[in-house]
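Undergrad: my questions concern the predicted model and sequence given below.
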Amino acid sequence: MNDSVLTPPVKEYLLAFADDEHLMGQQHTEWIGVAPFLEEDMAFASIGQDELGHALMLYTLILECPSGIDTYVFNRKSEEWRSCQLVESTHRRWEEALIRHWCYDMAEDLRWELFSDSSLPELISISERALKEETYHRRHAEALVENLLMVPDSKLRLMNALEVVVPQVLGLFSPIPGEEEAISCGVVSGKYSDLLPIWRTRLEERFGVLDSGLFIQADNENRTQRHSDFDYLFGRIREVFLLDPKAVW
Amino acid sequence: MNRSWDSLETFENFLDSGGIVEPVDEMPTEYRQAVFDFIEMHANSELMGGLTERDWIPRAPGLRHKMSVIAKTQDEIGHAHLLYMVAADLQIKTRQEMMRDLFAGKSKFHNVFHYRAKTWGDQVAIAFLVDAAALVSQQAVFKNCSYGPYKRILKRIIAEEGFHLRFGEESVLRIAEGTQIQRSMFQSSINDWWWPALQLFGPDSKPNDLLLRWHIKSERNEVLRDRWIQKFVPLLQGYGFTIPDPDLRWNKEENRWEIGPIDWEPLKRTLAMGGPDSARRISEASESWEKSSWVREALEKVAT
């Protein structure tokens, strides 16, 4: 049954989600050990691990060859990635990492819920597991943001970070290649972009009404164009692999 | 409970009979200070170990490896977190003061974390050689530790360190059976990490070592060091790697490996914050701590 549903366009559609989860997890790993206190080091470690775990489950479903996932990931050309620019960009301030974590996780549960009645049973169970973990991710981001918004100096930092991050989030919701096919065969129940208003309501309920200029979407041609930071990120991901592509680590 | 002892002698008798001290007890000042110093250094070392390894998390060669090294670093930082709380309960320094002293280069951490993990091979060598050395020491402390909270925390730490060791062992096995590039990378990691890992145990224990007398440690440094040597020499040689010790020899009569003389100068330099990577390690940790001070300050304001 999976073969009939997992057509190349559907795989490409799911690949976008897997790539987003992978690179979001990758970005979180950069913040382990440099957080404001030890509990935050551990939180970013735990959340990063969860996101990488989600990516692994999705890649496994798409590729149907778990042992080949790393080879597939390492050998892909940059134009073959389907990640969004939000997860590709390097943030140099902790407040930007926190705001990205808040924004991404406030959008992630909406995305997983689209698979609750999927025609692919594996996706139903992956989404159930992911949704449980996402509850904690949102709780973590919310608790920190809520407290930091109460103090003028830290509020200003978070609001400045929003100006960097929010325009990138729109790319997360942009049309995903293969989406129409995935909807028509029941893999997913609807368009992710239709959920952008729910996310924006969550955002403005937490941070207040934001400048509408932040919501003008840049065109990344349906996730086929990489952010200028992608090469650096991909370079780190496959640094050890490139030393000896034949090696098994 | 709030037990007290009328003299150091009665306190030592209590310890010798297997007594366990709890934070509420009125323990002798010297004992309190010795336990605190030992736990503070352990906490600092767990944290600095996590920072040494963090550099390679984003570059781990594969998704599963990445998840394993994240979990490992999360454990190390988690151990530091627990140990700082146990140390703070001794009411000599607060957790904040301990972190401040660490980032100011005023308090100690293990020699091995004054070195930089330069390659993925080094990351594996740390999990294989250094974690094993730390585990040998921790098991010995756990066996007969007289300070209750530390003994209880060590139980969990030892269980988790066991997983780290397995990660190291599995990685070494794959490298040993791997390509020439992998093997030569790991050989150079052994060359760099063998002596620092061995020096982690410290020089031979002095006859009047207070940590032994007060049952904070249960075995002498040289005994622990030798246990580690007897395990790792045959293991590494079995995988076809060379030990960087020209005087290493097999003593047929005693059926044991004997190593050449240990140069303690590198260890002394790390104690004086003059190790190969001490300055960078401390200044980077201190810089990120400073940079994020606004978060701590804001949350403190909210709490009050």
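TA: Cool, got the structure.

Undergrad: where does chain A have low pLDDT?
TA: A:1-3, A:66-67, A:219-220 (pLDDT under 70).

Undergrad: may I see the buried residues of the longest helix that it contains?
TA: In chain A, assigned by DSSP state H, the helix with the most residues is helix A:121-148. Neighbour-count burial for helix A:121-148, with 16 or more other CB atoms under 10 Å in any protein chain shown as criterion, is recorded at A:123, A:126-127, A:130, A:133-134, A:137-138, A:140-141, A:144-145, A:147-148. For every residue, glycine as well, the C-beta is placed using N, CA and C.

Undergrad: near chain A, which residues of the stretch 201-304 of chain B show up?
TA: Listed as neighbours of chain A in the stretch 201-304 of chain B under the rule CB under 8 Å from any CB of the partner chain: B:Ser288, B:Lys291, B:Ser292, B:Ser293, B:Trp294, B:Val295, B:Arg296, B:Glu297, B:Ala298, B:Leu299, B:Lys301, B:Val302.

Undergrad: now the helix or strand harbouring the last one against helix A:121-148, angle please.
TA: What it means is B:Val302. Assessed by DSSP states H and E, B:Val302 sits inside helix B:293-303. Angle, helix B:293-303 to helix A:121-148, by axes from the mean of the first three to the mean of the last three CA atoms, to 10 degrees: 80 degrees.

Undergrad: tally of neighbours for the closest residue to A:Trp81 other than its chain neighbours?
TA: Excluding the flanking residues, the one nearest A:Trp81 by CB to CB, 6 or more residues apart in numbering or on different chains is A:Asp19, at 5.4 Å. Neighbour count of A:Asp19, defined by other CB atoms under 10 Å in any protein chain shown: 23.

Undergrad: center of chain B - which residue?
TA: For chain B, the residue sitting closest to the mean C-alpha position, by CA atoms, centre = their mean, is B:Ala134 at 4.7 Å.

Undergrad: B:Glu161 is in contact with that one, correct?
TA: Yes: counting by CB atoms under 8 Å, B:Ala134 does reach B:Glu161; the two are 6.7 Å apart.

Undergrad: which residues outside stretch A:92-102 are in contact with it?
TA: Contact with stretch A:92-102 is made by A:27-28, A:30-31, A:34-36, A:44, A:47, A:86, A:91, A:137, A:140-142, A:144-145, A:148, A:154, A:157-158, A:160-162, A:164-165, A:168, A:206, B:291-292, B:295, as judged by CB atoms under 8 Å, 6 or more residues apart in numbering or on different chains.

Undergrad: again with stretch B:290-304
TA: By CB under 8 Å, 6+ apart, stretch B:290-304 touches A:34-37, A:40, A:94, A:147-148, A:150-151, A:153-154, A:157.

Undergrad: how far does that stretch sit from its chain's centre?
TA: Relative to its parent chain, stretch B:290-304 has a centroid offset of 30 Å by CA atoms, centre = their mean, to the nearest Å.

Undergrad: hmm, back to that, tell me the buried residues in the helix holding B:Val302?
TA: Here helix B:293-303 shows B:Trp294, B:Val295, B:Ala298, B:Leu299 as buried, counting by 16+ other CB under 10 Å.

Undergrad: mind listing what B:Leu212 touches?
TA: B:Leu212 makes contact with B:Ser205, B:Ser218, B:Arg220, according to CB under 8 Å, 6+ apart.

Undergrad: from chain A, how far out is it?
TA: Shown here: B:Leu212 relative to chain A, a distance of 31 Å by CB to the nearest CB, to the nearest Å.

Undergrad: report the secondary structure state of that residue.
TA: Assigned with DSSP: H, G, I helix; E, B strand; the rest coil, B:Leu212 falls in the helix class.

Undergrad: helices or strands up against the helix or strand where B:Met67 lies?
TA: Using DSSP H and E, B:Met67 sits within helix B:63-88. In terms of contacts (3 or more CB pairs under 8 Å, 6 or more residues apart in numbering or on different chains; DSSP states H and E), helix B:63-88 is packed against helix A:8-29, helix A:38-63, helix A:69-75, helix B:29-54, helix B:95-103, helix B:148-176.

Undergrad: near chain B at all, the second one?
TA: Read it as helix A:38-63. Yes: counting by CB under 8 Å from any CB, contacts between helix A:38-63 and chain B involve A:38-42, A:45-46, A:48-49, A:52-53, A:55-56, A:59.

Undergrad: quick check on those residues: which are buried?
TA: A:38, A:40-42, A:45-46, A:48-49, A:52-53, A:55-56, A:59.

Undergrad: between those residues, which sits nearest B:Ser184?
TA: Nearest to B:Ser184 out of these is A:Leu52 (CB to CB; 29.7 Å).

Undergrad: quick one: stretch B:7-19 to chain centroid distance?
TA: The answer for stretch B:7-19 is 28 Å, by CA atoms, centre = their mean.

Undergrad: sorry, wrong one. I was asking about stretch A:90-107.
TA: With CA atoms, centre = their mean, you get 11 Å for stretch A:90-107.
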